[in-house]
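Undergrad: I'll drop the sequence and a predicted model, then ask my questions.
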Amino acid sequence: MTTLVLFDLDGTLVDSIRPFRDAMASIFCDYNVELNEPYFWHWHANRASWPELFDRHGLSQIVEDPFKRAVLAEYAKRIGESVKWTDGALETLHELRGRGLKLGIVTNAPEAHVALID
């Protein structure tokens, strides 16, 4: 008998990639470069490297760690207001809870970011 249901947070319960994309686009603007939207989705889906992303945008001179910190800081500003529940997620959680099931969320997102999601 099932008594516990676990869900992944990002991409399953909430769409947090769009605020991440927007944060990255904002930081790219600081370098006077427009984020290549189709390539961003390819990069994210295939878990390509940050240096590959930089090279693709002509930014091979960027130092990875400061850039990532800037993107994550911008993402943290946006995440609480921009993250949306995926279609049907809340209804599913309420339905399962109503059936007496225990629910859990699993994520590899930073705890500070998870705390900002309402």
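TA: Great, that's in hand.
Undergrad: Who are the packing partners of the longest helix that the chain contains?
TA: Of all the segments of type helix in the chain, defined by DSSP state H, the longest one is helix 64-82. For helix 64-82, the packing partners by 3 or more C-beta pairs under 8 Å, 6 or more residues apart in numbering; DSSP states H and E come out as helix 17-30, helix 50-56, helix 111-116. Where C-beta positions appear, they are placed from N, C-alpha and C, glycine not excepted.
Undergrad: list the buried ones in the last one?
TA: What it means is helix 111-116. The neighbour-count criterion (16 or more other C-beta atoms under 10 Å) identifies 113, 116 as the buried residues of helix 111-116.
Undergrad: Make 48 the starting number, not 1.
TA: Sure, I'll start counting at 48 from here, so that last one is helix 158-163.
Undergrad: contact partners of that helix?
TA: Residues from elsewhere that reach helix 158-163, judged by C-beta atoms under 8 Å, 6 or more residues apart in numbering: 56, 63, 122-123, 126-127, 130, 154.
Undergrad: By pLDDT, give me the weakest of these.
TA: Taking pLDDT as the measure, these have their low point at residue 127 (77).
Undergrad: Which residue, neighbours along the chain excluded, lies closest to residue 71?
TA: Distance criterion C-beta to C-beta, 6 or more residues apart in numbering; nearest residue to residue 71, sequence neighbours excluded, is residue 118 at 5.2 Å.
Undergrad: Which of the helices and strands packed on helix 111-129 sits closest to residue 84?
TA: Go through these one by one with C-beta to C-beta and the one that ends up closest to residue 84 is helix 64-77, at 7.8 Å.
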